[in-house]
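Visitor: sequence-free structure coming up:
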């Protein structure tokens, strides 16, 4: 039996007559996603979270292929970088839009420095293009009109506090400008139940799905689809320490730890938007 490697699958995908389609769903593309998720360079701690983050299904839903140009907004410690970098290394492009280098925030500086160190530590990251993003920052996350996909994972609740509705629309417009016509914006976020959206939800880490859709549409996007790939019906979104009560943070430490471990990570909306082909 022939052993599949990421290089083998990528070569097969490149030679496929479907490789140039806008949203290819070939077996080779699916295999390449799985092999990237199984890449030996991934941290065991990150691999352990796959059951909550469902990376293969999530990236497929967002039309990510090995030949895509992808921008990940706020990659943090690089959880998805460990998957996207090997996936896109041969035939795609990966922009990691991290905190600005000239930020005055000590947290931003430490986070970016750790990410830079991560990129330098393994040649699998040699082709990662490090750009910048922060609410209100004027730096380009990628060349205008260059991206097939812009991705953001669990960030909306942080950004909303930096300008509310208006600030969020401006952020979504930055994503819109980076995308090609027909490009995809993929959003994963802790989901606030609709019946809790009228309270003081901004401190919980959860975000109203209807508001996310409304603000993206105001920026020009068309809401195309939602998925329950990352849903967790056990999560009631009313924990004493907000979403951080749940793993992996476990804000309450040993208090009711087994209860929160049994719930697992948060219930998450998975939303797919598209930039119109013609405006």
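Guide: Noted; the coordinates are in hand. Here the structure is a predicted model, which means the values were calculated and not measured.
Visitor: from the contact counts, what lies against the longest strand seen in the chain?
Guide: Scanning the chain for the longest strand, with DSSP state E as the assignment, gives strand 179-192. Judged by 3 or more CB pairs under 8 Å, 6 or more residues apart in numbering; DSSP states H and E, the packing partners of strand 179-192 are helix 55-61, strand 147-153, helix 156-160, helix 164-178, strand 207-208, helix 209-218, strand 268-274. The way it works is simple: take the backbone N, C-alpha and C, and place the C-beta from them, glycine included.
Visitor: report the buried residues of it.
Guide: Neighbour-count burial for strand 179-192 flags 179-180, 183-192 (criterion: 16 or more other CB atoms under 10 Å).
Visitor: so which pair among these is furthest apart in space?
Guide: Farthest apart among the buried residues of strand 179-192 by CB to CB are 180 and 192. That separation is 31.3 Å.
Visitor: go through the helices and strands packed on strand 179-192 and name the closest to residue 243.
Guide: Of the helices and strands packed on strand 179-192, nearest to residue 243 by CB to CB is helix 156-160, at 7.9 Å.
Visitor: tell me the mean pLDDT for that closest one?
Guide: Averaged across helix 156-160, pLDDT comes to 95.
Visitor: now that helix, how far from the chain's geometric center?
Guide: Here the centre of helix 156-160 is set off from its chain's centre by 14 Å, with CA atoms, centre = their mean, to the nearest Å.
Visitor: ranges for the helices of the chain?
Guide: 6-15, 27-37, 44-47, 50-53, 55-61, 81-88, 106-120, 156-160, 164-178, 209-218, 257-263 (DSSP state H).
Visitor: which positions in the fifth one come out as buried?
Guide: Residues 55-56, 58-61 are the ones in helix 55-61 that count as buried (16+ other CB under 10 Å).
Visitor: distance to residue 109 and pLDDT added to the residues you listed, as a markdown table?
Guide: Output for those, formatted as a markdown table (distance: CB to CB, whole Å; pLDDT from 0 to 100):
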| residue | distance to residue 109 | pLDDT |
| --- | --- | --- |
| 55 | 28 | 98 |
| 56 | 33 | 97 |
| 58 | 30 | 98 |
| 59 | 30 | 98 |
| 60 | 35 | 96 |
| 61 | 34 | 97 |
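Visitor: which intervals of this protein have sub-threshold pLDDT?
Guide: Judged by pLDDT under 70, the chain has its weakly predicted residues at 1-25, 279.
Visitor: how about a cut-off of 90?
Guide: Confidence mapping of the chain against pLDDT under 90 gives the ranges 1-30, 136-139, 161-162, 196-202, 278-279.
Visitor: out of the helices of the chain, which one sits most buried?
Guide: Greatest average neighbour count among the helices of the chain goes to helix 81-88 (a mean of 25), per mean count of other CB atoms under 10 Å.
Visitor: distance to residue 130 for the buried residues of helix 55-61 - can I get that in JSON lines?
Guide: Below are these laid out as JSON lines (distance: CB to CB, whole Å):
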{"residue": "55", "distance to residue 130": "21"}
{"residue": "56", "distance to residue 130": "25"}
{"residue": "58", "distance to residue 130": "23"}
{"residue": "59", "distance to residue 130": "20"}
{"residue": "60", "distance to residue 130": "26"}
{"residue": "61", "distance to residue 130": "26"}
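Visitor: for the residues you listed, which one is nearest residue 156?
Guide: The nearest member of these to residue 156, counting by CB to CB, is residue 58 at 16.0 Å.
Visitor: contacts only, for the closest residue in space to that closest one that isn't next to it in sequence.
Guide: Excluding the flanking residues, the one nearest residue 58 by CB to CB, 6 or more residues apart in numbering is residue 229, at 5.6 Å. Counting by CB atoms under 8 Å, 6 or more residues apart in numbering, residue 229 touches 54, 57-58, 61, 270.
Visitor: cool, residue 50 as well?
Guide: Residue 50 neighbours (CB under 8 Å, 6+ apart): residue 37.
Visitor: one step back: out of the buried residues of helix 55-61, who's nearest residue 34?
Guide: residue 56 (5.5 Å).
Visitor: wouldn't that closest one be in contact with residue 34 here?
Guide: Yes. If you go by CB atoms under 8 Å, residue 56 and residue 34 touch, sitting 5.5 Å apart.
Visitor: what is the burial count for residue 198?
Guide: By other CB atoms under 10 Å, the residues close to residue 198 number 8.
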